[in-house]
Each structure stands twice: as structure tokens, then as C-alpha cells.
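Colleague: okay, structure incoming, though there's no sequence with it:
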């Protein structure tokens, strides 16, 4: 069964460093998302992406974040200068088309630890 | 603004028993969907069940069913005949341009 994959599973970085989190969505899906979950808190939407551009973003997704689909399979989230408060689980999700009833398929997440 | 509230941080149920997880929400939309996602220790979130707001009939998927009270903006999940494999975090989510999640309920299943 096709699934969303994410690498790495755990990333440790120093404050101020750049990190790139990688996701491979399900191959025939067209809409991609990043969410994050700070420990003990709810899963929060960061950004959605369609047709090689951002379609929606939350107030969390500020200038230090960027997303890219560098090739036909990968979808990346870059954090330019990490802060302690960026420590969280980051989940990628994809869906075949944009509709309110569509199931979003989630990856296993990347745990980002900023020291 | 949309909000989703899960007021039970933790719940416990014995194997084979029934448990109900609560969720309330608020939205100004008239047409929306509600979801329950399960997040086992492996961390991958899996859709358990979904409900269309304009459908009166409560959704059912095998041992999982919902009690959807639109006027009360309540969307609870009932798990019947609980199994050890049901132990996980359960998130209630409301559709929009993205999913709006509650804080989750950790379900413990005891033998």
C-alpha cells in the first residue's frame, strides 16, 4: 500500500543552523502539507502546496520557513535559522485532490530537536 | 476561526469494553467534515472515521462509530470491543483548507 515517507526520523541541530526535512508524498497525490506538533500540544497546520506553489499558510509559517518540490517526488521543508521553539515533530501529509472530505495521508514524522 | 477541543487528555478502557472519546468544535462553515485520526506509538497518523456535516446519519466503521450532534457541535468517537491494538493517541479534526486538530486523547487499553 502506498504511503508517505519522511526523512530523517530524528534530526538534532544547533540553534541558528539550517535544516531541511524531506518528505516523499504518495505518487499520484497533488496536494501536500506540513504540520508540526510541539510536545504535549496539538498538531498545527504550517503550509499547503499545490502546483509548485504555496496555496495556504498559517501565521506560524514565517520567513524562516520555506517549502519546495525540487523534483517529481520530494517535498521539503526548510527552516533557515532554527530556534529552540522549533523543536517539534514535523508531519508531512498528502492528498489526491483538494476537497473537504478527502483523507490526508500522513507520514511518520521527523522529530526535530534544536539545542 | 475554527476550534477543536478534546477535553480528555487520557482515557483508559479494558479489553472488550466500550469507550467514548469526546470532541467539541466550533466553525462558522455550514458544510464541513469531521475526522478522527489515530496515532499509535509508531507515530504515523491513520484515519479512523469521517463524518459529513450535512449527513444526519452517524458514520460507522466496524468497531468505530461516532455520535455527531451538529447543533451541539459535538463529535464523539465510540470504540466497541476494545482491543490492545487500539491503544494510541486519538485526534479529532475539522476540515478547512487544512485540518484543524484537537490536542488529542491518549487511550490506554488494559488486558
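Modeller: Yes, it's here. Here the structure is a predicted model, which is why all the values come from computation and not from measurement.
Colleague: could you look up the SS state of residue B:57?
Modeller: Following DSSP: H, G, I helix; E, B strand; the rest coil, we place residue B:57 in the coil state.
Colleague: report the contact partners of it.
Modeller: Applying C-beta atoms under 8 Å, 6 or more residues apart in numbering or on different chains to residue B:57 gives no contacts. Using the backbone N, CA and C atoms, a C-beta is placed for each residue, glycine as well.
Colleague: pLDDT wise, what is it at?
Modeller: Looking at residue B:57, its pLDDT stands at 92.
Colleague: distance of it from chain A?
Modeller: Distance, residue B:57 to chain A, using C-beta to the nearest C-beta, to the nearest Å: 15 Å.
Colleague: from residue A:52, how far off is that residue?
Modeller: Distance, residue B:57 to residue A:52, by C-beta to C-beta, to the nearest Å: 40 Å.
Colleague: residue ranges with poor pLDDT in the chain?
Modeller: With no chain named, the answer covers chain A. In the prediction, chain A carries residues with pLDDT under 70 at positions A:99-100.
Colleague: the intended chain is chain B.
Modeller: Residue ranges of chain B with pLDDT under 70: B:42.
Colleague: give me the number of residues near residue B:109?
Modeller: 20 (other C-beta atoms under 10 Å in any protein chain shown).
Colleague: double-check that it belongs to a strand.
Modeller: Yes: under three-state DSSP, residue B:109 falls within a strand.
Colleague: can you list the residues of chain A near chain B?
Modeller: Residues of chain A lying close to chain B by C-beta under 8 Å from any C-beta of the partner chain are A:3, A:33, A:35, A:41-45, A:48, A:55-56, A:58, A:89, A:91, A:93, A:98, A:100-101, A:103-104, A:106-109.
Colleague: try it again at 7 Å.
Modeller: Residues of chain A found near chain B (C-beta under 7 Å from any C-beta of the partner chain) are A:33, A:41-43, A:45, A:48, A:56, A:91, A:100-101, A:103-104, A:106-109.
Colleague: in chain B, what residue spans correspond to strands?
Modeller: B:3-5, B:10-14, B:19-21, B:24-26, B:33-39, B:46-52, B:60-61, B:64-69, B:74-79, B:88-94, B:100-101, B:105-110 (DSSP state E).
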